[in-house]
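> Provided below for reference: sequence and predicted model.
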Amino acid sequence: MQSLSVTLPKRAVFTFKDFFLVTLQKSVSSPLQIISFTIRGINCTKPTFRTVEVITIKDIAKALNLSTSTVSRALRGSYEINPETKRLVMEYAERMNYRPNPIALSLKENRSRSIGIIIPEIANNFFSQAINGMESIAYNRGYHVVISQNHESYERELVNTQYLAQRRVDGLIVSLSGESNDLEHFKELQTKGMPIVFFDRVPQDYITHKVTADNFVGAYEATAHLIQQGYRRIAHLTSPSWLSITYERLEGYKKALQNHGIPIEESYIKYCSHGGMNPDEVEKAVLELIHHPERPDAIFSAGDRLTTSSMSLIKREGLRIPEDIAIVGFTNLISAHLLSPALSAVTQPAYEMGQLATEFLIDLIERPKSTIRFETKRLETKLVIRESSLKPA
């Protein structure tokens, strides 16, 4: 589609309410020619104009001396095209600012060229980073994303799932809500042919692609670090017990204690069923730890909101971090180094997780009849040690 700009005579003065009319004419020699331009009786003949060129698959094919079908398949990430050719095509397309026409693709392939994403909340740094990764892949493959939030609610998740299905998205990427222990709404859609990929919070007994961080190792390293610093009464503040991330992080925490000969104290383990989104729930859990007869000397927290709320409540109660209670969070909080004290954190490769989940989903969408071995990918976490967990000298 061509974009048109018109240059008016310098002496032509008009207001916002003035009516103007442009008469256009097509011809063989020129795709678009302006033959007159009228503003309130002012006749402006032969104004200048320019067109914005839009690069097509044919243009890329001609520039790289490839067939249009090869370029098309390379842009879609087809396994039939060798990696070097894909790289050349993708780099040239990016350099020339090529963008697929989603409407044309939708009509041609009988697809909406859109992907539905369901997450707990966009405000969570982990999920916002994951969405960036999803969009980076989807956009270059000619897909748009439709994002919805379940706010840790099963009912919202159900409604959002039904809405996205009615919008005829080509597939779903899902991170389960804190209340989701019934997955029939997803199983029903999958039975009808809807591709679904889970990430971060994934169901255990569900056959599809799944992308997670290595939660066990991340939790183990965080707890082991606190032990190495000399802390022995280490509490764990976490999400609903039925979530996969809760189980994996809890197991990592327990294993680190066991390997260092520290007994597991169940009263030090606190579950927050809303994952930190209910302030009263978090406050109750943290205050129970602070006023415990044998107060913990460290807390390993399993999420953004749980971590920041814990720090705030510890200070409110007149305690110091890390002198009275040290803290390590499982969080992608981008301002972790700016907190007082700077927060030690286990970070997840959220952007890469989003990318991989999207690649898995688009593969399911574009190869529906292929025999696929479903995979569960676990990406490495990273422990960043800062002031909040270092034992004072």
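Sure, I can see it. Residues are numbered from 1 along each chain as shown.
> least confident secondary structure element in the protein?
Using mean pLDDT, DSSP states H and E, the weakest-scoring helix or strand in the chain turns out to be strand 20-25, at a mean of 40.
> check what pLDDT L105 gets.
The model reports L105 with a pLDDT of 60.
> just checking, G318 is part of a strand?
No: assessed with DSSP: H, G, I helix; E, B strand; the rest coil, G318 is coil; it does not lie in a strand.
> tally of neighbours for it?
8 (other Cβ atoms under 10 Å). From N, CA and C alone the C-beta is placed, and that goes for glycine too.
> for it, what are phi and psi?
Main-chain torsions, G318, degrees, to the nearest 10: phi 80, psi 20.
> on contacts alone, who are the packing partners of the helix or strand hosting I327?
Following DSSP states H and E, one finds I327 within strand 326-330. Contact here means 3 or more Cβ pairs under 8 Å, 6 or more residues apart in numbering; DSSP states H and E; on that basis strand 326-330 packs against helix 215-228, strand 298-301, helix 304-316, strand 344-347.
> got the contact list for L164?
116, 118, 146, 148, 172 (Cβ atoms under 8 Å, 6 or more residues apart in numbering).
> tabulate those (CSV), appending pLDDT and secondary structure.
Output for the contacts of L164, formatted as CSV (pLDDT from 0 to 100; DSSP: H, G, I helix; E, B strand; the rest coil):
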residue, pLDDT, secondary structure
G116, 97, strand
I118, 98, strand
V146, 96, strand
S148, 96, strand
L172, 98, strand
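> so G275 sits right up against S241, yeah?
No: the pair G275 / S241 is not scored as a contact, 11.7 Å apart, by Cβ atoms under 8 Å.
> ok, these two, which is more surrounded?
Each of G275 and S241 has its neighbours counted (other Cβ under 10 Å); G275 has more, 29 against 12.
> burial of N82, as a residue count?
N82: 9 neighbours (other Cβ under 10 Å).
> typo on my end, S340
10.
> cool, and E323?
The tally of other residues near E323 (other Cβ under 10 Å) stands at 11.
> now do the contacts for it.
E323 makes contact with P392, according to Cβ under 8 Å, 6+ apart.
> picking that back up, what's the closest of the contacts of L164 to T208?
L172 (10.0 Å; Cβ to Cβ).
> any idea how the chain splits into domains?
The domain map for the chain lists 4-51, 57-99, 112-213+351-379, 215-348+381-389, with the assignment taken from automatic domain parsing.
> tell me the secondary structure for the residue nearest to Y247 when sequence neighbours are not counted?
In this structure, Y247 finds its nearest non-sequential neighbour in S241, 7.4 Å apart by Cβ to Cβ, 6 or more residues apart in numbering. At S241, secondary structure determined by three-state DSSP is coil.
> what's the distance between S241 and N125?
Using Cβ to Cβ, to the nearest Å, S241 is found at 24 Å from N125.
> with L158 instead?
As defined by Cβ to Cβ, L158 lies at a distance of 26 Å from N125.
> hey, where'd the helices end up in the stretch 1-150 of the chain?
57-64, 68-75, 83-95, 102-109, 125-140 (DSSP state H, counting those that start in this stretch).
> mind putting those into JSON lines with mean neighbour count?
Formatted as JSON lines, those follow (neighbours: other Cβ atoms under 10 Å):
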{"stretch": "helix 57-64", "mean neighbour count": "16"}
{"stretch": "helix 68-75", "mean neighbour count": "19"}
{"stretch": "helix 83-95", "mean neighbour count": "14"}
{"stretch": "helix 102-109", "mean neighbour count": "13"}
{"stretch": "helix 125-140", "mean neighbour count": "20"}
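> per-stretch mean pLDDT over the ones you listed, give me the minimum one.
helix 102-109 (a mean of 60).
> just name the most buried of the helices and strands packed on strand 326-330.
strand 298-301 (a mean of 30; mean count of other Cβ atoms under 10 Å).
> contacts for that one?
Identification of contacts with strand 298-301 by Cβ under 8 Å, 6+ apart yields 219, 222-223, 226, 229, 231, 233-238, 253, 289, 307, 310, 322, 325-331, 389.
> how about 7 Å then?
For strand 298-301, the surrounding residues in contact (Cβ atoms under 7 Å, 6 or more residues apart in numbering) are 219, 222-223, 226, 231, 234-237, 253, 289, 307, 310, 325-330.
> before we move on, what about stretch 130-149?
For stretch 130-149, the surrounding residues in contact (Cβ under 7 Å, 6+ apart) are 76-77, 100, 102, 105, 113-122, 160, 164, 167, 169, 173, 199, 350-355, 357-359, 362.
> narrow these to those in strands?
Per DSSP state E, strands hold the following members of the contacts of stretch 130-149: 114-119, 173, 199.
> which of the residues you listed are buried, as a ChimeraX select command?
Buried members of the ones in strands among the contacts of stretch 130-149, defined by 16 or more other Cβ atoms under 10 Å, are picked up in ChimeraX with:
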select :114,115,116,117,118,119,173,199
